[in-house]
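Colleague: sharing a model that was predicted from the sequence below.
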Amino acid sequence: MAATMFYDRDVSLDSIQDKLIAIIGYGSQAHAHAQNLRDSGLNVVVGLREGSSSKAKAEQAGLKVVSIEEATKTADVVMLLIPDENQPKTYAESIEPHLTAGKALAFGHGFNVHFGRIKPPADVDVYLVAPKGPGHMLRRVYADGAGMPGIFAVQQDASGKAREIALAYARGIGCTRAGVLETTFKEETETDLFGEQSVLCGGVTHLIQAGFETLVEAGYQPEIAYFETLHEVKLIVDLIYEKGFEGMRHSISNTAEFGDYVTGPRIITDETKATMKEVLTDIQTGKFAERFIADAEGGFPYMNEQRSKMRDHKLETVGKELRDMMPFISKKALEV
Ligand SMILES: NC(=O)C1=CN([C@@H]2O[C@H](COP(=O)(O)OP(=O)(O)OC[C@H]3O[C@@H](n4cnc5c(N)ncnc54)[C@H](OP(=O)(O)O)[C@@H]3O)[C@@H](O)[C@H]2O)C=CC1
Ligand SMILES: CC[C@](O)(C(C)=O)C(=O)O
Ligand SMILES: [Mg+2]
Ligand SMILES: [Mg+2]
């Protein structure tokens, strides 16, 4: 049976129309949630820590900024949108003491609830609304009059209205313009981690990097390698996004399509898929979460090493030069 998809026509904003929504944080997701909700006619306050570097940006966008404690005390819905690794401490110190019965605690990702790192009291609603895309794009598509698909889940329904509130929230940030599906915290957490590691972020970047390095190491010009293995990815993916594999394959040459069928399975092999299954197991058992939290607690030694290695990679240095020569790209990037 096909899943039930919720669109604008199926969802009313009534259940949160007169409520105050606190957005905790003002980063990638939070700035988009705060501005989209506000532009959907809802009451929003932004909760930030003392001395937050995000305060000026939120105020410039016309949003009211208060402390996280104050935001939790005054709001009916508290959406926690700071980095996953920092959430448990902020929750324990600044949110939990003020999270009185009848309020709703919301998340953009189920990580901390699913892995038992945040245990909300039984008398509050707990839900998640996870847009299926980066926060900066969530704001961009909303401002363009479009929407980004999202998924929602209710973990605790203390008020008897948690589902209605979660769906209204999803509408407020523009997700019901594109379609919203119901899920569980477990399914959202595991599929999101799997998707970002294997395909969207880890898979795509390492595929591009390997292709770029192969060409450059064979003596081809880095600029040509960049256009071929990175810049053109967006143009091909745009076609897949709009028309599926068949639509994309209609636009490319027969030569390319034949090479796609012949070479694709040599690159993404049965072994790759077997590894994907291992990756999924590590996510399901909590092994990945443990590794992530351990690195975070040690000040991210592994993550920082990877970041600095990539910063000086030819792919990044040549890419910056080329993008700077394409103002239509850099202009859009500045808005982000
Ligand atoms: N990035 C994305 O597009 C997506 C993220 N999500 C989920 O959304 C949530 C937020 O992620 P994301 O938007 O990437 O987060 P960001 O890294 O962009 O969050 C940065 C914000 O969090 C604040 N912050 C950081 N640490 C703390 C802290 N210890 N105490 C208080 N405030 C803090 C920062 O404030 P300051 O200026 O004070 O440092 C800043 O406002 C996560 O659960 C993530 O999994 C879900 C879907 C997509
Ligand atoms: C793909 C990465 C993501 O899951 C997202 C933008 O959806 C994230 O955690 O940032
Ligand atoms: Mg994610
Ligand atoms: Mg995601």
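Modeller: Looks like it arrived, so ask away. Numbers count the residues shown, from 1 in each chain. Ligands and ions are numbered 1, 2, ... in the order given.

Colleague: now the residue of the stretch 201-336 of the chain at minimum distance from ligand 2: how far from ligand 1?
Modeller: Taking Cβ to the nearest ligand atom, ligand 2 has its nearest neighbour within the stretch 201-336 of the chain at C201, 5.4 Å off. For glycine as for every other residue, the C-beta is placed from the backbone atoms N, C-alpha and C. Applying Cβ to the nearest ligand atom, to the nearest Å, the value for C201 to ligand 1 is 11 Å.

Colleague: need the contact list for that residue.
Modeller: Listed by Cβ atoms under 8 Å, 6 or more residues apart in numbering, the contact set of C201 is empty.

Colleague: which pLDDT does the model give it?
Modeller: We have a pLDDT of 98 for C201.

Colleague: ok, V336 next?
Modeller: In this model, V336 is scored at 51, pLDDT.

Colleague: could you say which helix or strand holds V233?
Modeller: Under the criterion of DSSP states H and E, V233 resides in helix 232-251.

Colleague: so for the helix or strand following that helix, mean pLDDT?
Modeller: Using DSSP H and E, the helix or strand that follows helix 232-251 in sequence is helix 254-267. Taken as a whole, helix 254-267 carries a mean pLDDT of 98.

Colleague: now do the helix or strand following helix 254-267: which elements does it pack against?
Modeller: Using DSSP H and E, the helix or strand that follows helix 254-267 in sequence is helix 270-285. Contact here means 3 or more Cβ pairs under 8 Å, 6 or more residues apart in numbering; DSSP states H and E; on that basis helix 270-285 packs against helix 185-194, helix 287-297.

Colleague: right, and these - which one's nearest E271?
Modeller: E271 lies closest to helix 185-194 among those, at 17.5 Å (Cβ to Cβ).

Colleague: what sits against the residue of the stretch 151-300 of the chain found nearest ligand 1?
Modeller: Nearest residue of the stretch 151-300 of the chain to ligand 1, counting by Cβ to the nearest ligand atom: D192, 7.1 Å away. Applying Cβ under 8 Å, 6+ apart, one finds that D192 lies in contact with 109-110, 130.

Colleague: so which bits of this protein are right by ligand 1?
Modeller: Proximity of the chain to ligand 1 is confined to 25-30, 48-49, 52-54, 81-84, 86, 90, 108-109, 130-131, 134-135 under the rule Cβ under 6 Å from any ligand atom.

Colleague: which of the residues you listed come close to ligand 2?
Modeller: Residues of these in contact with ligand 2 (Cβ under 6 Å from any ligand atom): P134.

Colleague: can you tell me which of the residues of the chain next to ligand 1 are in helices?
Modeller: Mapping the residues of the chain next to ligand 1 onto helices (DSSP state H) picks out 28-30, 90, 135.

Colleague: domain ranges for this structure, per the record?
Modeller: By the assignment in automatic domain parsing, the chain contains the domains 5-183, 201-268+300-335.

Colleague: circling back to that earlier point, which of the ones in helices among the residues of the chain next to ligand 1 has the most neighbours?
Modeller: Q29 (25 neighbours; other Cβ atoms under 10 Å).
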